Structure formats: C-alpha cells, structure tokens
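J.: Using only what follows, build the 3D model:
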Amino acid sequence: MWMETKTEMEKASRSRASLSRRVLNGLMLCTGDMEHLDKYMQDKWFVLQLLVWGLRGVTRVILANNPLSGALILAALCWASPWQGLLGALGVLASTLTAVITGQESADVAGGLHGFNGMLVSLLMGVFSSAGDWYWWLLLPVCLGSATCVFLSSGLSTFLDHWDLPAAVFPFNIIIVFYLLCTGTDNPYFPHHPAVPPGALDHNDTKLVAVQVVRGIPLGVGQIYACGALGPSLLILGAVVLYSPLLAVHAVLGSAVGTLAGLSMAVRHESLYSGLSGFNGALGCMAVGGLFFTFSWRTHLFAVASAFFSAYADIALSNLLGTVGLPACSWAATLVATLMLLLTGSLAAYRIPIGQARAPEHNLRSRSQWEAGNTEERESTDV
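T.: Residues are numbered from 1 along each chain as shown. Below is the predicted model:
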C-alpha cells in the first residue's frame, strides 16, 4: 500500500513538472523576436500576415520586435485614448500597405520596418491637433504623411547603408516638422497647438513634488508613443518586458537619467511630471544598452552616457525649436544614437550589424557562442 502511494506521488510530481515545463516553454515562445511565427505565417492569408507585420511595426517604435508586445501597446493606446489608438493603427496600416504596393524589401516589410514611422507621424498629428478628438478630416494628412514615410525611409536607407546605419525615425521627425510648418496654429482645416520650450518660465511655479517626478519616469516610457497616462504607460513597459527584460531595464534607466538631466537644467515642472524629459533618454539608453551593442558593463556605462547626451540634446533642441512653436520630437535620441553607432575604438568591437540586431538577450547569447567557438578553434590549432 505504501509503495503504491509513493509511486502515485512520484507520477503526480513528474506530471506537475512536465506541465510547468510546457507552460514555461510556451511562455518562452512568446518572448523575443518570435521568429518562429514568421515561418508559420508564410502560407497564411494576406490579411493575417498584414496584421502581424503591423503589430511588429507598432513595437519597432520602442526598438522591440514582437507582435504580442505590439498588441499590448495598441491596447494601451486605446486605453489612454481610443482616438489616438485609431490614429496609430491607421498610420501603421497606411505605411505598411504603401511599402507592399511600392515593392519594398519583403523582409523589411515583414519585420515592421516600414510601419513604425507612419505610426509615430499619425500619433503626433493627433497630439498636436487643436481641433479635438474625432476630427475626421485629420485622417487625410495622417494617411498621406504615413505613406510618405516609406519613400523617405527607402531613400535614407540607401544612403545610410554605406555606414551600416539605420534610417531609424528620421522620416518621422522630418515629416512631422514639415506638417506643422505647413499648417500653422491658425490653419482653418488642420490647426495645431504650438510647442512650449522646456526652459520657458513656469508662471505657476510651485514647490517641486517628488512623487510626481518619480511618476514621470514610467511616463517617459509611455511618451515614446505620446502617451501621458500612467496605467497605459505601465502596460507599454510590460510589453517591452515581454520582448526583452534587459531592454525594459534600460528604458526605465534612460527615462530616469532624462528626468535627472531635466532637474539639473531646471526645466518646467510639467516636462518632469509628464515624462517629456525622460523619453529621449530612454530611447538613447535602449539603442546602446543591448540592441545595437552587445550588453556588457562597458556598453552599460556607454548606454547611461548616451541617455544623458540624448536628454541634454533634447533640452537644447526643444528650447531652440520651441521659439518658433515646433517640437523637438525624438531628434535628439536619433542623432545621438547615430553618432554612437559611428563610434570607433574598443567599444566598436561590441557593435552589432544592423541586419543582425535582435533582442538583447539573443545578441548576448550569440556573442557568447561566437567567442566560445573562437576559443575552441584557437585551442585546436595550438601545437
């Protein structure tokens, strides 16, 4: 009797261990770049493929590449503002379809590389519009601006490929500035709010609230999608964790660094509280901290330096462009990340070619395997 009970307990234990292993393996399939999904979708309907491509484009905004993360981010945007969620979805759809129609590289389209600029353009048009939500005429420039990003991205990629540099969000930054310059604040059809420089005097200057400043750190991650609500911002951060915990850590660290830089420059309290001081720092930190450079203690410190550089550059550009009512968008992080990718010296050895960049954890494993292979090869050739 005792032996039978012991056998049953062992079987139950093995069953639980097997179930836990299957659940863990299932969760692991949902992390990282989910390359297995691309193979599965090859012979599926075009509409389903387009959905996956669009969701990858949604996550490319925050330097990730996971369709499940894209679904979470789109849900977060709809939670914060259904109108913004609609604009974002329309923007990524318009740019992705334009890339398909114009015959862009299929791997780039499938990887969402032609979707994220269009999404950013549509989101910023909605944020700066002073016509309010559900202003249907705004869909016209949203579609046209998002589609135009494909042509700019294609042209810039051809030029920047000579130095193995990404087009990144240069198309978005260019298109949104052109749109705001063309329309103006008093345009009868597409009016917009002028941008306020972060260094402008705060007329309602009060004592700084520490809790609000700390709250601005996760909001800095949400502001990458022009989202200023705490709950949706945390959901966006969760989507990054699903893709890569290491990338999420650098996102929060970079936003904190950007907030610290804003404090040191005494920017307006609203910039600190809303996360606007942190999002360029977050982007600069993520680009270096494991995405385009293999993670190590050297590149980690380099990522922190990149975050500081991006944050201070953003303050300078925002004050400069704010004098004519224009936002600095993500010019600072884009320019700084491009400069960092051109770096020479010992840190350049950690540089990952643009076409091979994956989730930071994957990059780290690949480098470890490569170094282990080189070590074995050297040992085998020793006499």
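
J.: and residue 283, what does it touch?
T.: Residue 283 makes contacts with 63, 224, 254, 310, 330, 333-334, 337, as judged by C-beta atoms under 8 Å, 6 or more residues apart in numbering. C-beta: built from backbone N, CA, C; applies to glycine.

J.: Next step: the residues you listed restricted to helices.
T.: Per DSSP state H, helices hold the following members of those: 254, 310, 333-334, 337.

J.: picking up where we left off before, which one of the contacts of residue 283 is nearest residue 366?
T.: residue 63 (17.6 Å; C-beta to C-beta).

J.: Not including adjacent chain positions, what is the nearest residue to the closest one?
T.: Using C-beta to C-beta, 6 or more residues apart in numbering and skipping residues adjacent in sequence, the residue nearest residue 63 is residue 286, 5.0 Å away.

J.: Distance of that neighbour relative to residue 323?
T.: Separation of residue 286 from residue 323 (C-beta to C-beta, to the nearest Å): 30 Å.

J.: And residue 107, by the same measure?
T.: Between residue 107 and residue 323 the computed distance is 42 Å (C-beta to C-beta).

J.: can you check residue 136 too?
T.: 33 Å.

J.: of these two, who's got more company?
T.: residue 323 (11 against 7; other C-beta atoms under 10 Å).

J.: Now do the contacts for that one.
T.: Contacts of residue 323 (C-beta under 8 Å, 6+ apart): residue 197.

J.: Same question for the one 4 residues further on.
T.: Contact analysis of residue 327 by C-beta under 8 Å, 6+ apart lists 124, 128, 176, 180, 195, 318, 321.

J.: Phi, psi for it please.
T.: phi -80, psi 150 (degrees, to the nearest 10).

J.: Can you read off the pLDDT for the residue nearest in space to the middle of the chain?
T.: Compute the mean C-alpha point of the chain, and by C-alpha atoms, centre = their mean the closest residue is residue 62, 0.7 Å away. The model reports residue 62 with a pLDDT of 94.

J.: leaving aside the residues next to it on the chain, what's closest to it?
T.: residue 224 (5.3 Å).

J.: Quick check, the one you found in contact with residue 63.
T.: No - using C-beta atoms under 8 Å, residue 224 is not in contact with residue 63; the gap is 9.0 Å.

J.: quick one on the thing from earlier: let me have the contacts of residue 327 in a markdown table, extended by distance to residue 212 and pLDDT.
T.: Below are the contacts of residue 327 laid out as a markdown table (distance: C-beta to C-beta, whole Å; pLDDT from 0 to 100):
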| residue | distance to residue 212 | pLDDT |
| --- | --- | --- |
| 124 | 24 | 96 |
| 128 | 24 | 94 |
| 176 | 28 | 96 |
| 180 | 28 | 95 |
| 195 | 21 | 88 |
| 318 | 20 | 94 |
| 321 | 26 | 93 |
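
J.: possible to save those as a markdown table with secondary structure and distance to residue 84?
T.: Output for these, formatted as a markdown table (DSSP: H, G, I helix; E, B strand; the rest coil; distance: C-beta to C-beta, whole Å):
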| residue | secondary structure | distance to residue 84 |
| --- | --- | --- |
| 124 | helix | 10 |
| 128 | helix | 12 |
| 176 | helix | 15 |
| 180 | helix | 17 |
| 195 | coil | 18 |
| 318 | helix | 22 |
| 321 | helix | 23 |
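
J.: Would you reformat those residues as TSV and include distance to residue 300?
T.: Putting the contacts of residue 327 into TSV (distance: C-beta to C-beta, whole Å) gives the following:
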residue	distance to residue 300
124	31
128	35
176	32
180	36
195	33
318	27
321	31
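
J.: Just give me the closest of those residues to residue 350.
T.: residue 318 (30.7 Å).

J.: Just give me the neighbour total for the closest one.
T.: Neighbours of residue 318 using other C-beta under 10 Å come to 27.

J.: Name the nearest residue to it, ignoring sequence neighbours.
T.: residue 328 (4.1 Å).

J.: give me the number of residues near the one you found?
T.: Counted by other C-beta under 10 Å, the residues lying close to residue 328 total 24.

J.: where does the stretch 151-300 of the chain dip in pLDDT?
T.: Within the stretch 151-300 of the chain, the ranges that satisfy pLDDT under 70 run 201-206.

J.: Mind doing that once more with 90?
T.: 184-187, 193-208, 266, 289-291, 296 (pLDDT under 90).

J.: All the helices of it, in order from the start?
T.: Along the stretch 151-300 of the chain, counting by DSSP state H, counting those that start in this stretch, helices occupy 170-183, 210-222, 230-243, 245-264, 269-274, 279-286, 297-322.

J.: average model confidence for the helix or strand hosting residue 75?
T.: If you go by DSSP states H and E, residue 75 is part of helix 67-80. Averaging pLDDT along helix 67-80 yields 96.

J.: Likewise for stretch 350-360?
T.: Stretch 350-360 carries an average pLDDT of 88.

J.: Pull up the distance across that stretch, start to finish.
T.: 12 Å (C-alpha to C-alpha, to the nearest Å).

J.: tell me which residues in that stretch are buried?
T.: 350-352, 354, 357-360 (16 or more other C-beta atoms under 10 Å).

J.: Just the angle for the helix or strand where residue 87 lies relative to helix 170-183, thanks.
T.: Applying DSSP H and E as the criterion places residue 87 in helix 82-101. Per axes from the mean of the first three to the mean of the last three C-alpha atoms, to 10 degrees, the angle that helix 82-101 makes with helix 170-183 is 120 degrees.

J.: Any idea how far helix 82-101 is from the middle of the chain?
T.: Relative to the chain's own centre, helix 82-101 is displaced by 16 Å; criterion: C-alpha atoms, centre = their mean, to the nearest Å.

J.: after it comes which helix or strand?
T.: Downstream of helix 82-101, the first helix or strand assigned by DSSP H and E is helix 106-110.

J.: Show me what that next one is in contact with.
T.: Taking C-beta under 8 Å, 6+ apart as the rule, helix 106-110 contacts 38, 49, 52-53, 56, 96, 99-100, 114.

J.: Show the average pLDDT along it.
T.: Mean per-residue pLDDT for helix 106-110: 92.
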